[in-house]
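Enquirer: turn this into a model:
(one chain, ligands or ions: 1)
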Amino acid sequence: MTTLICIPIMVHDPEAALRDAAAAKAAGADLVELRIDEFFAGEEHQAAAVEGLVADSPLPCIVTCRVAAEGGHYEGHEEARVGLFERLAMAVGPGAHPPRYLDIEQAKLSPAALKRLMLAMEHPEQERDLAASLIVSSHDFAGRPADLTRRILGMRRQPASVLKVAFRARSIRDNLELFDLLLERDRPTIALGMGEFGLMSRVLAPKFGGFLTFASLRPSSATAPGQPTIGELLDLYRFRSIGPATAVYGVVGYPVGHSISPQVHNAGFGAIGHDGVYLPMPIIEGYESFKATLGELLDHPRLNLRGLSVTIPHKENLVRLARESGWEIDPVAAAVGAGNTLVAERHSDGRVSRCRVLNTDVPALVDSLRELTGDLAGKRVAVVGAGGVGRAAAYGLAAAGAQVTVYNRTPERGRTLAESLAGVSGPGTIAAADPGLLAAARPDAYINCTPMGMAGAGLGPAAIPEEILSNSAPGAVVLDTVYNPEDTALVLAARKAGLRAAGGVSMFVRQAAAQFSAWTGVPPPTGLFERTAREALRGPAG
Ligand code: NAP
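Expert: Residues are numbered from 1 along each chain as shown. Reported below is the predicted structural model:
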């Protein structure tokens, strides 16, 4: 069964709604949902307009007049609503055309209303192939309803053709319950999680046999929180190629909404014909939520989770979980105490056979600097910042033979970093110094490992002032790990001071490429990764 894509259209003006329906068809949707709850207030001319809209719609439609109690706007009489639905379902006049589906909330479905609707839908004068069918739905915008099971049992007792359950997902774990609902369906079913944690249920609906998923025509026209656009669904997530066997990957962190990893990895999967999809997977801060969520995702018998990118704030949690679970940890991740990659291998029956944790940030950063300076042995490198990336830089560069000095805003943290890596790095060295000493240091390379200059943080000053860069050693280079924007204030300042400089895109692409080959066993299409990353940074999410 193919999972349909339905575009909801909030009807205010029937002409505009028809234009949107035509645009939905052109964009590749299968259905439109005419949300008439802001338009219909019980008047005859409004009912006639809805009838006309249904008849003229270029795509089959669902008509929904959602009540306020379930997230809609209809506050009129129930009698008027049922009367309109009855009239639409009957649609026996010349040229009449019933909607494909009528959606009504389980909570509002009285036995009397149901009887009237069923009589109208099964009216003998209706042509069978144009008959309307009933969707019985249940929504909760606050969270998972406490009585979810009871609600579903109630819905299953209705003579509906399709059941729909939607609630606000409170964590990505809620998606798994929605998937289970689809797997246990007794008829076509829609099960969707709303909000940022529910995206998985919307994109992976075809994997679990969902009847349809909703997508918005434009980013601004979503009718429920977390709805992707149809462009994202089709182009970014390759929705039409998702099926039961599709392997699932994602980026775990918080927040992850602005990550460009989904663009890059999904493009890569498409290019090599890998049956996989890569999603943002937000998990809020805290080891316990990280551990519980990863455990459930890995253990779900049908999800087929094969790999994760792990970012702030969970890179250290990943190594901790790997240690507790007895997973393999690569020597770099073990030495740095942080990982950014999980590779999950599975037996043919779906059970996890092996999990590996890698750190692909370290080699990516080292190779990016090497590209600027050549051999790193004996080079004096100033690492600015002592967070996760500062630590990765110090370790990797010292391992490549550089003499690293860490300059951090909080000098104490820089010293702790240097001390903690003293025994594990080499053949180079790691020291820490006060940030005030950077001006006189005149190293061969400067690396920014702070978020300074990152889009969204405001157009603040360059992470290393231009005066310092103008007074640098001959041939000094600058690497900014920040990749958004591509040319940060630091990169621009360095070029102005006559230094070779690079932003963080090359590091980003390298770490992603290493993840990709660890997951797929195929050499990554790095040219495509680079183009896609740059495009994504220029795009609206950039
Ligand atoms: P983190 O663990 O939060 O560490 C941030 C570091 O920056 C800390 O040392 C902090 O100093 C310092 N810092 C923060 N704001 C500062 C300011 N206004 N002035 C001076 N120092 C400041 O972050 P992280 O994980 O290391 O990531 C750092 C950056 O690396 C990210 O923002 C991201 O742009 C970049 N990154 C790039 C890639 C890539 O692939 N290119 C991958 C990952 C990250 P204190 O110790 O004093 O707080």
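Enquirer: what's in contact with the helix or strand hosting residue 290?
Expert: Element membership for residue 290 (DSSP states H and E) is helix 287-299. With contact meaning Cβ atoms under 8 Å, 6 or more residues apart in numbering, helix 287-299 is reached by 171-173, 176, 252, 281, 283, 303, 305, 308, 314, 317-318, 320-321, 324, 342, 344, 352, 355. To be clear about C-beta, it is placed using only N, CA and C from the backbone, and glycine gets the same treatment.
Enquirer: now with 6 Å, please.
Expert: Identification of contacts with helix 287-299 by Cβ atoms under 6 Å, 6 or more residues apart in numbering yields 173, 176, 283, 305, 314, 317, 321, 352.
Enquirer: what subset of these is buried?
Expert: Buried subset of the contacts of helix 287-299 (neighbour count, 16 or more other Cβ atoms under 10 Å): 173, 176, 283, 305, 314, 317, 321.
Enquirer: kindly indicate which of those residues lies nearest the ligand.
Expert: residue 314 (10.8 Å; Cβ to the nearest ligand atom).
Enquirer: on that earlier part again, would you list the contacts of helix 287-299 in CSV and tack on pLDDT?
Expert: CSV is the format used below for the contacts of helix 287-299 (pLDDT from 0 to 100):
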residue, pLDDT
173, 98
176, 98
283, 98
305, 98
314, 97
317, 98
321, 98
352, 97
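Enquirer: avg pLDDT for whatever helix or strand residue 26 lives in?
Expert: Residue 26 belongs to helix 14-27 when elements are defined using DSSP H and E. Averaging pLDDT along helix 14-27 gives 98.
Enquirer: begin at 29, not 1, for the rest of this chat.
Expert: Sounds good: first residue 29 from here, last item helix 42-55.
Enquirer: in its sheet, which strands sit next to the following helix or strand past it, and in what direction?
Expert: Downstream of helix 42-55, the first helix or strand assigned by DSSP H and E is strand 59-63. Using DSSP bridges, strand 59-63 pairs in its sheet with strand 32-38 (parallel), strand 89-92 (parallel).
Enquirer: now the closest residue to the ligand within the stretch 129-278 of the chain: closest residue in space that isn't a chain neighbour?
Expert: Minimum separation of the stretch 129-278 of the chain from the ligand (Cβ to the nearest ligand atom) falls at residue 278, amounting to 16.6 Å. Spatial nearest neighbour of residue 278, excluding adjacent residues (Cβ to Cβ, 6 or more residues apart in numbering): residue 309 at 3.9 Å.
Enquirer: contact residues of the chain facing the ligand?
Expert: Proximity of the chain to the ligand, by Cβ under 6 Å from any ligand atom, involves residues 340, 389, 413-418, 436-438, 441, 477-480, 482, 509-511, 532, 535-536, 539.
Enquirer: before we move on, the earlier item: is the residue of the stretch 129-278 of the chain closest to the ligand in a helix, a strand, or coil?
Expert: Going by DSSP: H, G, I helix; E, B strand; the rest coil, the secondary structure assigned to residue 278 is strand.
Enquirer: doesn't residue 307 make contact with it?
Expert: Yes - shown here, residue 278 and residue 307 form a contact pair, counting by Cβ atoms under 6 Å, at 4.4 Å.
Enquirer: more neighbours: those two, which one.
Expert: The neighbour comparison of residue 278 against residue 307 (other Cβ atoms under 10 Å) goes to residue 278, with 28 against 22.
Enquirer: can you pull out the low-pLDDT segments for this protein?
Expert: For the chain, applying pLDDT under 70 flags the ranges 120-124, 152-158, 485-487, 568-570.
Enquirer: for it, which residue gets nearest to the ligand?
Expert: residue 415 (1.8 Å).
Enquirer: and for that residue, the neighbour number?
Expert: Residue 415 - counted by other Cβ under 10 Å - has 16 other residues nearby.
Enquirer: tell me how far the nearest residue to it once chain neighbours are set aside lies from residue 436.
Expert: Setting aside the residues directly before and after it, residue 415 is nearest to residue 477 in space (Cβ to Cβ, 6+ apart), at 6.7 Å. In this view, residue 477 and residue 436 are 9 Å apart by Cβ to Cβ, to the nearest Å.
Enquirer: who has more neighbours out of those two?
Expert: The neighbour comparison of residue 477 against residue 436 (other Cβ under 10 Å) goes to residue 477, with 27 against 24.
Enquirer: can you tell me which residues contact the more buried one?
Expert: 411, 413, 417, 418, 421, 509.
Enquirer: if we use 8 Å, what do you get?
Expert: Here residue 477 is in contact with 411, 412, 413, 414, 415, 417, 418, 420, 421, 509 (Cβ under 8 Å, 6+ apart).
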